[in-house]
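# A predicted structure for the sequence below; I have some questions about it.
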Amino acid sequence: MIKVSVVGAKGRMGSHVVEAVNNAEDTELALALDAGDDLTQITPANTDVVVEFTVPSVSLNNVLTLIGQGVDVVVGTTGWTDEKLAQVKAAIAQGPKPETQKVFIAPNFAISAVLADYFATKAAKYFESAEVIELHHPTKVDAPSGTAIHTARGIAEARKAAGMAPVPDATETDGGSRGQVIDGIHVHAVRLRGLNAHEEVLFGNAGEQLTIRADSFDRTSFMPGVLLAVRKLTGDAPAGLTVGLDQFLDL
Ligand SMILES: NC(=O)C1=CN([C@@H]2O[C@H](COP(=O)(O)OP(=O)(O)OC[C@H]3O[C@@H](n4cnc5c(N)ncnc54)[C@H](O)[C@@H]3O)[C@@H](O)[C@H]2O)C=CC1
Ligand SMILES: O=C(O)C1=N[C@H](C(=O)O)C[C@H](O)C1
């Protein structure tokens, strides 16, 4: 049995992870911790993998603490900048098991979102225009979503590799309606009661449009991806930092 501890266990995602770990045949719940709990209770003696779903403002510190504890970590929390990722890599190098430590961070664990993101990077070089719209429940604290940031960056990278010009945009006055620009791609965030997690990527050429849309209607949609990551970390996932569930899929 894989012993899994959950950090952020009382949250919307954390509570689903606790249930998923309890229900899977090959995993068992070790510790379920939340705000105010001491993470140094988690050790290799009681835990094989930690799953961390908290809030962007605390996640980096939690991950650094867990690396210091010598336990492998699956992270679903958003807010990961290049600078924060560099801190994780440095902590692994200086931690108790620099050769074998595994940390996995996924902007999204839902297969629909991972595939939408992947298809968007494939489509990017064929369209003059590209914009991302993400739509979420109104209790979400960050905007735009971690997934939308990842999608926009992937599109921008693909456009750059193809030597494309910037997306056409004649806007001269903007009070914010054109959204946040991430690596040249406009990203729009909607918060609406009744929604869970949704993303639309719009691609346009003269006379045609491609829309790629992923809808996660329920948080159970993230659980197969979380369990896959847990199993990969106790199996053949590479040591070090890995980002994105696409790394564990045969795409
Ligand atoms: N990667 C993915 O597939 C998904 C990622 N998310 C992300 O996961 C994160 C959590 O989302 P939700 O569960 O909806 O939020 P939430 O607000 O329901 O849960 C966060 C939990 O973290 C706890 N917490 C806060 N500070 C803590 C600390 N220092 N130590 C331990 N626990 C602490 C809170 O008490 C709360 O129980 C967000 O960043 C969200 O964007 C959400 C859904 C899917
Ligand atoms: O907060 C959420 O709910 C979600 N957060 C992640 C994100 O910001 O991309 C993943 C998913 O969109 C749900």
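Alright, I've got the coordinates. If you're wondering where the values come from, they're calculated on a predicted model, not measured in any experiment. Numbering: from 1, shown residues only. Ligands and ions are numbered 1, 2, ... in the order given.
# ok now do residue 28, which residues does it touch?
Residues in contact with residue 28 (Cβ atoms under 8 Å, 6 or more residues apart in numbering) are 1-4, 21-22. For glycine as for every other residue, the C-beta is placed from the backbone atoms N, C-alpha and C.
# and the residues you listed, which are buried?
By neighbour count, with 16 or more other Cβ atoms under 10 Å, the contacts of residue 28 hold 2-4, 21 as buried.
# Considering these, which is situated nearest to residue 232?
Of all the buried ones among the contacts of residue 28, residue 232 sits closest to residue 2, with 10.9 Å by Cβ to Cβ.
# ok, the closest one to residue 172 distance?
Separation of residue 2 from residue 172 (Cβ to Cβ, to the nearest Å) stands at 56 Å.
# ok, the contacts of residue 28 vs residue 49, which is closest?
The closest of those to residue 49 turns out to be residue 4 (Cβ to Cβ; 5.4 Å).
# which residues touch the closest residue to the closest one other than its chain neighbours?
Distances taken as Cβ to Cβ, 6 or more residues apart in numbering put residue 21 closest to residue 4, at 4.7 Å, once the chain neighbours are dropped. By Cβ under 8 Å, 6+ apart, the contact set of residue 21 is 4, 6, 27-29, 51, 227, 230.
# what about whichever helix or strand residue 21 is part of, near ligand 2?
Here residue 21 sits within helix 12-23, counting by DSSP states H and E. No - contact of helix 12-23 with ligand 2 (Cβ under 6 Å from any ligand atom) is absent, the minimum separation being 7.2 Å.
# now swap in stretch 194-214 and tell me
Yes - Stretch 194-214 lies within reach of ligand 2 by Cβ under 6 Å from any ligand atom, at residue 197.
# With only the CA atoms kept, save that stretch in PDB.
What follows is stretch 194-214, C-alpha atoms only, in PDB (Å, rounded to 0.1, in the frame of the first residue of the first chain):
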ATOM      1  CA  GLY A 194     -22.500  27.400 -10.600                       C
ATOM      2  CA  LEU A 195     -19.300  26.900 -12.500                       C
ATOM      3  CA  ASN A 196     -16.400  24.600 -11.400                       C
ATOM      4  CA  ALA A 197     -13.400  24.800 -13.700                       C
ATOM      5  CA  HIS A 198     -13.600  25.500 -17.400                       C
ATOM      6  CA  GLU A 199     -11.300  26.800 -20.200                       C
ATOM      7  CA  GLU A 200     -11.800  27.800 -23.800                       C
ATOM      8  CA  VAL A 201      -8.900  28.500 -26.200                       C
ATOM      9  CA  LEU A 202     -10.000  30.500 -29.200                       C
ATOM     10  CA  PHE A 203      -7.900  30.400 -32.400                       C
ATOM     11  CA  GLY A 204      -8.700  32.500 -35.400                       C
ATOM     12  CA  ASN A 205      -7.700  33.000 -39.000                       C
ATOM     13  CA  ALA A 206      -9.400  35.100 -41.700                       C
ATOM     14  CA  GLY A 207     -12.800  33.400 -42.200                       C
ATOM     15  CA  GLU A 208     -12.400  30.500 -39.700                       C
ATOM     16  CA  GLN A 209     -12.200  29.700 -35.900                       C
ATOM     17  CA  LEU A 210     -11.100  26.700 -33.900                       C
ATOM     18  CA  THR A 211     -12.400  26.500 -30.300                       C
ATOM     19  CA  ILE A 212     -10.800  24.000 -27.800                       C
ATOM     20  CA  ARG A 213     -12.900  23.700 -24.600                       C
ATOM     21  CA  ALA A 214     -12.400  21.700 -21.500                       C
END
